[in-house]
Each structure stands twice: as structure tokens, then as C-alpha cells.
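*Asks:* The following block contains a protein sequence and its predicted model.
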Amino acid sequence: MPRNISGPERWRSSERIAARFLEESGYRMLEVHKKIVLNDLEVGEVDFTVEKDDVVYAVEVKAGRLDVNGVRQAYVNAELIGARPLIVCKGFADPSAGTLAGKLDVEVLVLSDVFLVDQEELEVLIKGTVEHVLEEYLTFLLSSPLELTGEEERLLKAITSTYRIMDAAEELGIDVTELAKRIDRLKDRGILPRWARHYTSAKGAAGLMLVKKRFYELLSALDRGEVHFSSTP
């Protein structure tokens with residue numbers, strides 16, 4: 001389920017997208033989050049300093065639209081570090097912001113709403129989805145294995161070795177409805193996770209369960225001294 005994107009997440013994503021855009025536009029990244037220091041006191045920060053055609057720019061990244069205050073901030077920060085002001089944003093909040101930028105010679109690179117919003121949301125959502133999937137699989141893989149009956153192990157092997165539920169049913173000699181019921185019973189027992197709602201995810205989880213079972217069997221055999229490793233010269 002899509003989740004809401006927090007302000008800090010949106011900001012970090014906007015910064016990464018802006019950095020890629022600048023580099024693809026021929027700017028060379030010099031420094032990220034450059035501190036502005038006056039008389040040993042930190043008075044501000046510039047998002048990036050970049051260089052193009054022997055000109056150094058102080059870059060301000062705006063996650064939204066640029067207003068008059070944003071133009072002033074970029075201009076002052078650039079003056080303090082002796083660079084040209086450059087702003088990456090989604091556009092102007094009002095005409096006065098564009099007028100002031102032109103008057104102060106503040107260069108503005110406007111990225112379309114589609115480019116920034118879609119990409120930053122996609123980036124955050126993909127990252128969240130990958131993290132969620134990894135967490136589910138790792139939690140399942142690291143949990144203690146359950147004792148499997150011979151029938152349960154045979155069922156897991158059939159699921160692992162086939163790509164469609166009807167193929168597994170045929171291999172087991174039962175119909176698809178009965179196989180679905182048996183898979184549900186595996187979930188009730190905790191042998192397969194509840195999140196394995198589709199056959200492909202059940203197939204992956206079944207394979208993990210068999211690997212985990214074999215791994216713990218080897219550990220038990222090692223503890224009993226039944227497995228020995230020999231080194232070859």
C-alpha cells in the first residue's frame with residue numbers, strides 16, 4: 001500500500017534528483033552542503049557548489065516553487081562565498097520571484113512537476129517497498145524452523161519445483177482447490193508466511209523453508225559430531 005512521503009524524505013529525494021540533473025547538464029559537483037562561515041561562526045549553508053565553464057555556482061535546491069525569500073537567500077549565500085547564485089526548483093510561486101531573480105542575476109533552473117514529483121515519489125516508494133520485502137523475507141528466513149511432516153515437505157518441494165499452481169497440483173495428484181487448502185494449512189502452521197498470497201511468493205517462501213530446514217539439519221549434525229570437514233593439501 002502506498003505510504004505518505006514525509007517532508008524530509010521528499011527533500012532528500014529532491015536534492016538527489018537535482019544533483020543528477022545538474023551533472024547531466026554539464027555541471028561538475030564540487031561540494032555538498034557547504035557551510036558558510038564568517039568570523040569563525042557558521043551563518044548558513046549552500047546545498048551544492050558546482051562548476052561549469054570555469055564559473056563556480058552556489059546552488060540552492062527548492063523542493064517546491066521559488067518565492068521572493070528563496071531568491072534573496074540564494075543571492076546572499078552566493079555573495080558570501082564568492083560564487084554565482086543558481087536555484088533548482090519546480091517553478092516560481094509568483095511573478096515577483098521571477099522578476100527579482102532577473103534583477104539580481106540569479107540563474108534559475110526549472111524542473112517540471114512531473115519530473116520532480118513523479119521521480120521523487122517513485123524513488124521513495126520503491127525504496128520503501130524493497131526494504132519491506134527484505135524485512136519480510138529475512139524475518140521468515142531467520143525464524144526457527146518448524147518440524148515438517150513428510151507430506152508437508154513433499155508439498156513444499158512440489159511448490160518449489162513448479163511455476164504454476166496447476167502444475168504442482170498435477171505433480172501431487174490432487175486438484176487445484178485441494179492444493180490451495182493445503183497451502184492455507186501450511187500458513188496456519190507458520191510453515192509458509194501469511195504475506196505469501198500469490199503462488200510466486202509461496203514458491204519463494206517454500207524454497208526458503210526447505211533451505212532453512214536443510215541448514216538447521218546440518219547444524220544439528222555438526223553439534224552431534226556426525227559431519228566432519230577435511231582439508232586437502
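*Replies:* Alright, I've got the coordinates.
*Asks:* partner strands of the helix or strand that contains Leu109, parallel or antiparallel?
*Replies:* Using DSSP states H and E, Leu109 falls within strand 107-110. As defined by DSSP bridges, the strand partners of strand 107-110 come to strand 84-89 (parallel).
*Asks:* how distant is the strand it pairs with from the center of its chain?
*Replies:* 28 Å (CA atoms, centre = their mean, to the nearest Å).
*Asks:* Contacts for that strand, please.
*Replies:* Outside strand 84-89, the residues that touch it by CB atoms under 8 Å, 6 or more residues apart in numbering are 18, 21-22, 50, 55-62, 64-66, 70-71, 74-75, 77-79, 101, 104-111. C-beta coordinates here come from the backbone N, C-alpha and C atoms, glycine included.
*Asks:* For those, which PyMOL command selects only the ones that are buried?
*Replies:* Selection of buried members from the contacts of strand 84-89 for PyMOL, criterion 16 or more other CB atoms under 10 Å:
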select buried, resi 18+21+22+50+56+57+58+59+60+61+62+66+70+71+74+75+77+78+101+106+107+108+110+111
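*Asks:* In helices, which of the contacts of strand 84-89 fall?
*Replies:* Judged by DSSP state H, the subset of the contacts of strand 84-89 located in helices is 18, 21-22, 70-71, 74-75, 77-79, 101.
*Asks:* which one of those residues sits closest to Leu222?
*Replies:* Ala18 (53.4 Å; CB to CB).
*Asks:* Now do that closest one, the pLDDT please.
*Replies:* pLDDT, the model's per-residue confidence, is 83 for Ala18.
*Asks:* Next up, the contacts around it.
*Replies:* Each residue near Ala18 by CB under 8 Å, 6+ apart is listed here: 47-48, 59, 61, 88, 111.
*Asks:* where does this structure have its least confident helix or strand?
*Replies:* In the chain, the helix or strand scored least confidently by mean pLDDT, DSSP states H and E is helix 113, which has a mean of 51.
*Asks:* Flag every buried residue along stretch 174-194.
*Replies:* For stretch 174-194, burial by neighbour count (16+ other CB under 10 Å) applies to 174, 179, 182-183, 186-187, 191-193.
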